[in-house]
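Chemist: sequence first, then the predicted structure, then my questions.
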Amino acid sequence: MNQDKIRVRFAPSPTGPLHIGGVRTALYNYLFAKKHGGDMLLRIEDTDQTRYVEGAENYIIESLQWCGIHFNEGVGIGGPFAPYRQSERKAIYKQYALDLIDKGYAYYAFDSPQELDAARKSYEAEKKNFQYDQHNRLEFKNSLTLTEPEVTAIIESDEPYVIRIMIPENEEILVTDLIRGEVRVNSTQLDDKVIFKSDGLPTYHLANVVDDYLMKISHVIRGEEWLPSAPLHVLLYRYLGWEHAMPQFAHLPLLLKPDGNGKLSKRDGDRMGFPVFPLQWTDPQTKEISSGYRESGYLPDACINMLAFLGWNPGTEQEIFSMDELIEAFSLERVGKAGSKFDPEKAKWFNHHYLQQMSDARLAELLAPELTLKVPHLDNEKLLTVIGMVKPRMTFIHEFWEQASFFFVAPDSYDAKSVKDRWRQDSAEIMKKVGDLLQETEPFYAAVAKHNVMNFITEAQLNTGQVMNALRLLIVGASKGPDLFEIMELIGKEQSLNRIEKGIVALSQA
C-alpha cells in the first residue's frame with residue numbers, strides 16, 4: 001500500500017462478549033501500530049442486525065480499556081473518518097455495490113429463501129455440496145438470467161433482492177500474507193457471496209473492504225478464521241479499482257483448547273474451569289453469567305503478557321514483558337502459523353508474578369474496602385505487615401482472606417483433616433504447658449517465644465513437628481500460614497493465649 005503512515009483497526013461485531021482471542025487480535029494490532037508509530041482505530045461492524053446483542057458494544061470497549069489497549073480514533077473517540085459504527089455508514093456502501101454491478105463484477109439475485117432451500121436439498125439428495133457459484137448461477141433467478149426490463153420491474157416492485165459478487169471462472173487468486181507467505185486459491189473453490197443484503201445493509205465482506213479503503217488502513221491483522229475470505233477481499237479491492245491501496249494482510253494463528261484439540265470457543269469457558277472472556281458477562285436474555293478475567297482476580301498486565309505469548313515468540317528466554325517492552329519487541333515476523341494451546345496454569349503463573357510485583361501499599365488499598373466490612377477498625381500498619389507475610393503465597397487478590405483471616409479473627413472451627421493428622425491424645429496436656437510457657441514469655445517477640453518453646457520441646461524430649469503442628473492448629477485453625485511465631489507476635493500475647501485455651505477445650509470435646 002502506498003502510504004507512509006501505519007494504520008490498523010480492530011473491528012469487532014457486537015454479537016456478544018468479546019472472546020479472549022479477540023483481545024489478542026486487538027493486542028497484536030495495538031503492538032504493531034505503536035511499534036511503528038502508527039494509529040489504531042476501533043470500528044464496530046454491526047451490519048448483521050439480526051445478531052446484535054444489547055450491551056455488547058459497551059462491553060467490548062470496557063474490556064479493551066481494562067486491558068490497557070487504547071485507540072487513536074473510532075467509536076466513542078471520533079476522528080477524521082467518522083462515523084466508525086457501520087450501521088451509521090449505511091448510505092456509503094450501496095454506491096459501491098452498484099458500481100460493481102455497472103462494471104460487470106456483481107449482479108442482482110432475486111431468489112427467495114424457499115427457492116434456495118429447495119436447491120440446497122436437491123444437491124444434498126445427490127450427495128453434493130451446494131453453493132451459489134459459477135457452475136450454477138445461470139440456473140437461478142438473477143440479473144444474469146433475466147432481461148433488463150424484467151430486472152428493473154422487480155426492483156421497482158420492492159421485491160426483496162440481494163447483490164452477489166460474480167467470482168471469475170478458473171482463476172488463481174493470490175493472497176500475500178505477512179505470516180503465511182503466498183496463499184493461492186483457485187476461484188472454482190469460491191461461491192458468489194452476497195455482498196449487499198435485502199435489508200439495505202452490506203455484508204461483512206463489502207463493508208470491511210470499503211471501510212478499510214476509506215479509512216486508509218495499511219495492515220489488516222485478524223484471526224485465521226478470516227483467511228478463507230481473503231481471496232474474495234482481494235477480488236473486491238481489484239474490482240473496485242483499489243488494488244494499489246490494498247492493505248497488507250496478516251492472519252493470526254488460532255487459539256486452541258488446553259489439550260490442543262480444536263479451537264478455544266466461547267462455550268469452553270466455565271465448562272473447562274477458566275475464563276475465556278476479559279470481563280464477566282451476563283447474557284441479556286438468558287441472564288446466564290460467564291466468568292471474566294477481571295472478576296476472577298487476574299491483573300490486566302498478567303492477561304496482556306499471557307496473551308502476547310499465544311502465537312508470538314520474542315526469540316529470547318524473557319517471559320515477563322511490560323506493555324512498553326512488548327511494543328519494543330513485537331514483530332509479525334515472530335508470529336507463528338500453528339495454533340497456540342491455551343494454558344490456564346501459565347495464566348495463573350503470570351498473575352502470581354504481577355501480584356508479587358505490586359507494592360504492599362497498593363494491595364492494601366485494593367483490599368481495604370472489603371476488609372473493613374469484616375474487620376472494623378482495621379489497622380493499616382498491621383494490614384501492611386500481614387500483606388508482606390502472606391503475599392508470596394497468593395496468586396489472586398481474592399485469596400488474601402483465605403490466607404490471612406486468622407491474623408484478624410480467631411478461628412471458629414478447625415480443619416478436620418488437620419485435626420485428624422495433627423491432634424494426638426496427649427496434645428491437650430502438652431498445649432497447656434506451652435500456654436503456661438508463653439504466658440511467662442517477655443517480651444512477647446517471635447524470636448523469644450520460639451527460643452522458649454524449642455527449649456521446652458528439647459527438655460521434654462518431645463517431637464518438634466507434633467508440638468508445632470498442634471500449636472499451629474490452635475492459633476490458625478488449620479495447617480497453613482507463614483511463620484507461626486511471627487503470627488503470634490502480630491496477634492499479641494493475649495489473643496495467642498485465648499486461642500490456645502479455647503482450642504484445647506474445643507478439640508478435647510471433639
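Modeler: Yep, that arrived. Model, not experiment: these values are computed from the prediction. Numbering: from 1, shown residues only.
Chemist: what ranges does the stretch 251-400 of the chain have for its strands?
Modeler: 255-256, 281-282, 289-290, 340-341 (DSSP state E, counting those that start in this stretch).
Chemist: just name the most buried of those.
Modeler: Neighbour counts (mean count of other Cβ atoms under 10 Å) averaged over each of the strands of the stretch 251-400 of the chain peak at strand 255-256, with a mean of 21. Heads up, the C-betas are built off the backbone N, CA and C, glycines and all.
Chemist: what is the burial count for Gly292?
Modeler: 22 (other Cβ atoms under 10 Å).
Chemist: for it, which residues are in contact?
Modeler: Pro275, Phe277, Pro278, Leu279, Gln280, Trp281 (Cβ atoms under 8 Å, 6 or more residues apart in numbering).
Chemist: model confidence score at it, please.
Modeler: Per-residue pLDDT puts Gly292 at 96.
Chemist: same question for Gln3.
Modeler: Gln3 is given a pLDDT of 61.
Chemist: do Thr47 as well
Modeler: The score at Thr47 is 87. That number is its pLDDT.
Chemist: next one: Tyr414
Modeler: 96.
Chemist: and for Asn170?
Modeler: On the pLDDT scale, Asn170 gets 93.
Chemist: does it touch Leu190 like I think?
Modeler: No: under the criterion of Cβ atoms under 8 Å, Asn170 makes no contact with Leu190, lying 11.1 Å away.
Chemist: settle it for me: which of those two has more neighbours?
Modeler: Leu190 (21 against 8).
Chemist: please report how far that one lies from Leu227.
Modeler: Going from Leu190 to Leu227 by Cβ to Cβ, to the nearest Å gives 13 Å.
Chemist: overlap of the contact sets of the two?
Modeler: Between them, Leu190 and Leu227 share no contacting residue, judged by Cβ under 8 Å, 6+ apart.
Chemist: ok, now which ones touch the nearest residue to Ile77 once chain neighbours are set aside?
Modeler: Once flanking residues are discounted, Ile77 sits nearest to Phe71: 5.7 Å by Cβ to Cβ, 6 or more residues apart in numbering. Applying Cβ under 8 Å, 6+ apart, we find Phe71 in contact with Phe10, Met40, Leu41, Leu42, Leu64, Ile77.
Chemist: which members of these are positioned in helices?
Modeler: Residues of the contacts of Phe71 located in helices (DSSP state H): Leu64.
Chemist: His19: what's it in contact with?
Modeler: His19 neighbours (Cβ under 8 Å, 6+ apart): Leu264, Ser265, Lys266, Val276, Phe277.
Chemist: tell me the buried residues in stretch 384-397?
Modeler: Residues Thr385, Val386, Ile387, Met389, Val390, Lys391, Met394, Thr395, Phe396, Ile397 are the ones in stretch 384-397 that count as buried (16 or more other Cβ atoms under 10 Å).
Chemist: from Arg137, how far off is the closest residue to the second one other than its chain neighbours?
Modeler: Meaning Val386. In this structure, Val386 finds its nearest non-sequential neighbour in Phe407, 4.8 Å apart by Cβ to Cβ, 6+ apart. Separation of Phe407 from Arg137 (Cβ to Cβ) stands at 75 Å.
Chemist: swap in His353?
Modeler: 57 Å.
Chemist: can you check Arg334 too?
Modeler: 43 Å.
Chemist: equivalent analysis for Thr464, please.
Modeler: For Thr464 relative to Arg137 (Cβ to Cβ), the value is 86 Å.
Chemist: ok, the two, which is more surrounded?
Modeler: The residue with more neighbours, out of Thr464 and Arg137, is Arg137; 18 against 11, by other Cβ under 10 Å.
Chemist: Ile165 is in contact with that one, correct?
Modeler: No: counting by Cβ under 8 Å, Arg137 does not reach Ile165; the two are 10.8 Å apart.
Chemist: hey, what's in contact with both of these two?
Modeler: Asp192.
Chemist: stretch 493-509 - what's its average pLDDT?
Modeler: pLDDT averaged over stretch 493-509 gives 96.
Chemist: what does it rub up against?
Modeler: By Cβ under 8 Å, 6+ apart, stretch 493-509 touches 410-411, 414, 419, 423, 427-428, 431-432, 434-435, 438-439, 441, 444, 471, 473-475, 488, 491.
Chemist: on that earlier part again, generate a ChimeraX selection restricted to the buried entries among the contacts of His19.
Modeler: Typed into ChimeraX, the next command selects the buried ones out of these (criterion: 16+ other Cβ under 10 Å):
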select :264,266,276,277
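Chemist: pLDDT at Leu279, what is it?
Modeler: The model's pLDDT for Leu279 equals 97.
Chemist: which residue packs closest to it, ignoring adjacent ones?
Modeler: Gly292 (4.0 Å).
Chemist: the one you found and Ile397, how far apart?
Modeler: 15 Å.
Chemist: now His70
Modeler: For His70 relative to Ile397 (Cβ to Cβ), the value is 24 Å.
Chemist: of the contacts of stretch 493-509, which belong to helices?
Modeler: 419, 427-428, 431-432, 434-435, 438-439, 471, 473-475, 488, 491.
Chemist: which parts of the stretch 51-200 of the chain are strands?
Modeler: Under DSSP E, counting those that start in this stretch, the stretch 51-200 of the chain gives strands at 73-74, 106-109, 162-165, 172-177, 181-186, 194-196.
Chemist: what's in contact with the second one?
Modeler: With contact meaning Cβ under 8 Å, 6+ apart, strand 106-109 is reached by 97, 100-101, 132, 137, 140-144, 151, 154-155, 161-166, 192, 194-195, 239.
Chemist: what subset of the residues you listed is buried?
Modeler: Among the contacts of strand 106-109, the ones that count as buried (16+ other Cβ under 10 Å) are 97, 100-101, 132, 137, 140-143, 151, 154, 161-166, 192, 194-195, 239.
Chemist: any idea how far the residue of the chain most remote from its centre lies from Pro443?
Modeler: If you look at how far each residue of the chain sits from its centre, by Cα atoms, centre = their mean, the farthest one is Glu459, at 58.6 Å. Glu459 is 22 Å from Pro443, where distance means Cβ to Cβ.
Chemist: ok, the closest residue to Asp212 other than its chain neighbours to Lys382 distance?
Modeler: Counting by Cβ to Cβ, 6+ apart, Pro247 is the residue found nearest to Asp212 once chain neighbours are left out, at 5.8 Å. Separation of Pro247 from Lys382 (Cβ to Cβ) stands at 58 Å.
Chemist: wait, what's in contact with Asn380?
Modeler: Ala364, Ala368 are the contacts of Asn380 under Cβ under 8 Å, 6+ apart.
Chemist: state the distance from it to Ala361.
Modeler: Following Cβ to Cβ, the distance that separates Asn380 from Ala361 is 9 Å.
Chemist: shared neighbours of these two, which are they?
Modeler: By Cβ under 8 Å, 6+ apart, no residue touches both Asn380 and Ala361.
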